[in-house]
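> Structure here, sequence nowhere to be found:
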């Protein structure tokens, strides 16, 4: 099994664990069971012997996990997700630093501060550096490049992050944030106590005082508490051979992580988008229902260099009609077009009926009448 496939299965198991509020260990075993293994360790052993899940098996695991996950998603515009998003915006604080307005809010325990052309994110992870983003269009004109402004903004964001982390710690068992004299701590999500912990994400071991100080994020790779376990169940030797995380613990980095992000929309002319534009152009060329059906039924293929081959149904599209708009769009995109006629099964009988109208409702009635008359004629003859 490839590393990417194994990581994909772990990610699916992690999502299932979060949705069902169970341990990742349990979720990994459930995923392994769905693939016919007794547990995740057996699956991992089989993967070393070149076992790989089939595409059908991967699809079944994806379906299994999807069934447990909430359907709302910001990008799909689900009402519940959008309501939650607007609620976050309404709860945001608004203020000014000098002449620059800002909005400060907490999103999934990360503190986000944003203004015109810039944003600052202080992650939930105490050991992670603040992330500062600015667009390439504003660049040096952004106020975050002013040291005085940046320091004031960071102070505000970090103060809020301290409050957020305090709220998290309050919700957790005290033993999760305060090790005993032997360095033993309790996992805040699914219990279990130990003075040594293991990160599934980076495969390192962490002492109890380190993981508690860093709010149960791996001090080495920043993985969340969901990736931290008291046993390295994925290792044959129980994790003895895993390297230790070398760090002094959780301290906010004094040096922010600056990132210039060009968020301007970019046109990626792939096969799907070229096909969509060409089909739209064919619809522009269509003057009646038959031709519209021909445009919708046309086979459009995009070659390696984005040149386009169009096959039009001969019973729906006149053989001597040149799709002018399709050629214009192709020229705008800088691609060549080749036309061809084809003969295939058409969706409705009597295609010439569509040449009599450009109205879909009128064509539909004409078609229904024609089918009814033909059925009546056949019944009479029989």
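Looks like it came in fine. These numbers come from a predicted model, not from an experiment.
> can you pull out the strands in the stretch 251-382 of the chain?
Taking DSSP state E, counting those that start in this stretch to define them, one finds strands in the stretch 251-382 of the chain at 257-261, 299-302, 308-313, 337-342.
> Name the stretch among those strands that sits most buried.
Of all the strands of the stretch 251-382 of the chain, strand 308-313 carries the top mean neighbour count, a mean of 21, counting by mean count of other CB atoms under 10 Å. For every residue, glycine as well, the C-beta is placed using N, CA and C.
> for it, packing partners?
helix 271-285, helix 289-297, strand 299-302, strand 337-342 (3 or more CB pairs under 8 Å, 6 or more residues apart in numbering; DSSP states H and E).
> got a list of contacts for it?
274-275, 278, 282, 293-294, 297-303, 323, 326, 330, 335-344, 346 (CB atoms under 8 Å, 6 or more residues apart in numbering).
> now stretch 226-245
Residues from elsewhere that reach stretch 226-245, judged by CB under 8 Å, 6+ apart: 14, 17-18, 24-25, 40-41, 44, 187, 189, 192-194, 196-201, 203-207, 210-211, 216, 218-220.
> Now, these that are in helices?
Cross-referencing the contacts of stretch 226-245 against helices under DSSP state H gives 14, 17, 18, 24, 25, 40, 41, 44, 210, 211.
> what about stretch 28-48, how long is it end to end?
17 Å (CA to CA, to the nearest Å).
> Sketch out the low-pLDDT regions of the stretch 1-150 of the chain for me.
Applying pLDDT under 70 to the stretch 1-150 of the chain picks out residues 1-7, 18-21, 67-91, 136-140.
> Let's have the ones in helices among the contacts of stretch 226-245 in TSV, adding distance to residue 288 and neighbour count.
TSV is the format used below for the ones in helices among the contacts of stretch 226-245 (distance: CB to CB, whole Å; neighbours: other CB atoms under 10 Å):
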residue	distance to residue 288	neighbour count
14	55	20
17	57	23
18	54	16
24	60	23
25	64	20
40	61	24
41	66	16
44	62	20
210	74	25
211	71	30
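> ok, the residues you listed vs residue 123, which is closest?
residue 211 (16.3 Å; CB to CB).
> Please parse this structure into its domains.
Domain assignment for the chain by automatic domain parsing gives 3-69, 92-266, 271-375.
> could you dump these to TSV with distance to residue 381?
Supplementary listing: those in TSV, determined by distance: least, CB to CB, whole Å:
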stretch	distance to residue 381
domain 3-69	50
domain 92-266	62
domain 271-375	11
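> need the strands of the stretch 251-382 of the chain in JSON lines with distance to residue 177 and mean pLDDT, can you?
Output for the strands of the stretch 251-382 of the chain, formatted as JSON lines (distance: least, CB to CB, whole Å; pLDDT from 0 to 100):
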{"stretch": "strand 257-261", "distance to residue 177": "26", "mean pLDDT": "83"}
{"stretch": "strand 299-302", "distance to residue 177": "57", "mean pLDDT": "92"}
{"stretch": "strand 308-313", "distance to residue 177": "62", "mean pLDDT": "92"}
{"stretch": "strand 337-342", "distance to residue 177": "66", "mean pLDDT": "90"}
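> okay if I get these as CSV plus distance to residue 30?
As requested, the strands of the stretch 251-382 of the chain are arranged in CSV below (distance: least, CB to CB, whole Å):
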stretch, distance to residue 30
strand 257-261, 36
strand 299-302, 41
strand 308-313, 47
strand 337-342, 49
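> Show me what counts as buried in stretch 347-364.
For stretch 347-364, the neighbour count (16 or more other CB atoms under 10 Å) marks 348, 351, 353, 354, 357, 363 as buried.
> Tell me how far the nearest residue to the last one once chain neighbours are set aside lies from residue 343.
This means residue 363. Spatial nearest neighbour of residue 363, chain neighbours left out: residue 289 (4.2 Å); criterion: CB to CB, 6 or more residues apart in numbering. From residue 289 over to residue 343 the distance is 19 Å, taken as CB to CB, to the nearest Å.
> With residue 117 instead?
57 Å.
> can you pull out the helices in this structure?
Ranges of helices in the chain, per DSSP H, are 3-20, 24-34, 40-48, 55-68, 79-91, 147-171, 174-177, 208-213, 271-285, 289-297, 324-333, 360-381.
> Tabulate these (CSV), appending distance to residue 141.
Output for these, formatted as CSV (distance: least, CB to CB, whole Å):
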stretch, distance to residue 141
helix 3-20, 39
helix 24-34, 45
helix 40-48, 51
helix 55-68, 44
helix 79-91, 25
helix 147-171, 12
helix 174-177, 42
helix 208-213, 39
helix 271-285, 33
helix 289-297, 48
helix 324-333, 34
helix 360-381, 52
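> circling back: can you say which of the helices and strands packed on strand 308-313 is packed in most?
Mean neighbours per residue, mean count of other CB under 10 Å, is largest over the helices and strands packed on strand 308-313 for helix 289-297, with a mean of 22.
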